[in-house]
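**Student:** I would like the atomic coordinates for the input below:
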Amino acid sequence: MVSGRIDTMKELAAKEGVTQRYLSHLIRMAWLSPEIMQAIIRGHVPATLSLDRLKKGFPLDWNEQWQTLGFTTSPPDAQAN
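**Tutor:** As a prediction, this is how the structure comes out:
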C-alpha cells in the first residue's frame, strides 16, 4: 500500500490470501510501542496479555499502552528519566 502497488486493504488481503478482518487486526499491531514489541518477542509479557486482548484495541500513546496492557513496571524509556 505504501508503494502504491496496492490501493485497498481488500486488494492486499486477497493478495496475501487472508480476510480483510484478519488483515485489519494485523495492521493495528503496527501501532504497538517498540518496547512492547520487544517484550513480546522475548516472551516477557504479563499473563493477561494475549492476541485476543490486543485485538480488542489499545491506546496509541506508548506509555498508556504499557499500563493498559498490564505491564507492572515503567516503560524502559520512562525509567531513564
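**Student:** going forward, measure contacts and count neighbours with C-alpha atoms only.
**Tutor:** OK.
**Student:** so what's the residue nearest the centre of the chain up against?
**Tutor:** The centre of the chain sits closest to Met29, judged by CA atoms, centre = their mean, with a distance of 2.3 Å. Residues near Met29 by CA atoms under 8 Å, 6 or more residues apart in numbering: Leu54.
**Student:** what's stretch 45-54 in contact with?
**Tutor:** Outside of stretch 45-54, the residues within contact range by CA under 8 Å, 6+ apart are 29, 39, 69-71.
**Student:** list buried residues within those residues.
**Tutor:** Buried subset of the contacts of stretch 45-54 (neighbour count, 16 or more other CA atoms under 10 Å): 69, 71.
**Student:** tell me which of the contacts of stretch 45-54 fall in helices.
**Tutor:** Ala39 (DSSP state H).
**Student:** for the chain, what are the low-confidence residue spans?
**Tutor:** Judged by pLDDT under 70, the chain has its weakly predicted residues at 1-3, 74-81.
**Student:** centre of the chain to the helix or strand hosting Asp52, how far?
**Tutor:** When elements are assigned from DSSP states H and E, Asp52 belongs to helix 51-55. How far helix 51-55 lies from its chain's middle: 9 Å, per CA atoms, centre = their mean, to the nearest Å.
**Student:** can I get the CA coordinates of it in CSV?
**Tutor:** Extracted as CSV, the C-alpha positions of helix 51-55 are listed here (Å, rounded to 0.1, in the frame of the first residue of the first chain):
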residue,chain,number,x,y,z
LEU,A,51,-3.7,-11.9,21.0
ASP,A,52,-7.4,-11.7,21.8
ARG,A,53,-6.6,-8.8,24.3
LEU,A,54,-4.6,-7.0,21.6
LYS,A,55,-7.5,-7.4,19.1
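**Student:** list the buried residues of that helix.
**Tutor:** For helix 51-55, a neighbour-count test (16+ other CA under 10 Å) marks nothing as buried.
**Student:** got it, and stretch 18-31?
**Tutor:** So, applying 16+ other CA under 10 Å, buried residues of stretch 18-31: 20, 23, 25.
**Student:** tell me which element the last one is part of?
**Tutor:** It refers to His25. His25 belongs to helix 20-28, assigned by DSSP H and E.
**Student:** so what does that helix touch, helix or strand wise?
**Tutor:** On a contact count with 3 or more CA pairs under 8 Å, 6 or more residues apart in numbering; DSSP states H and E, helix 20-28 meets helix 9-16.
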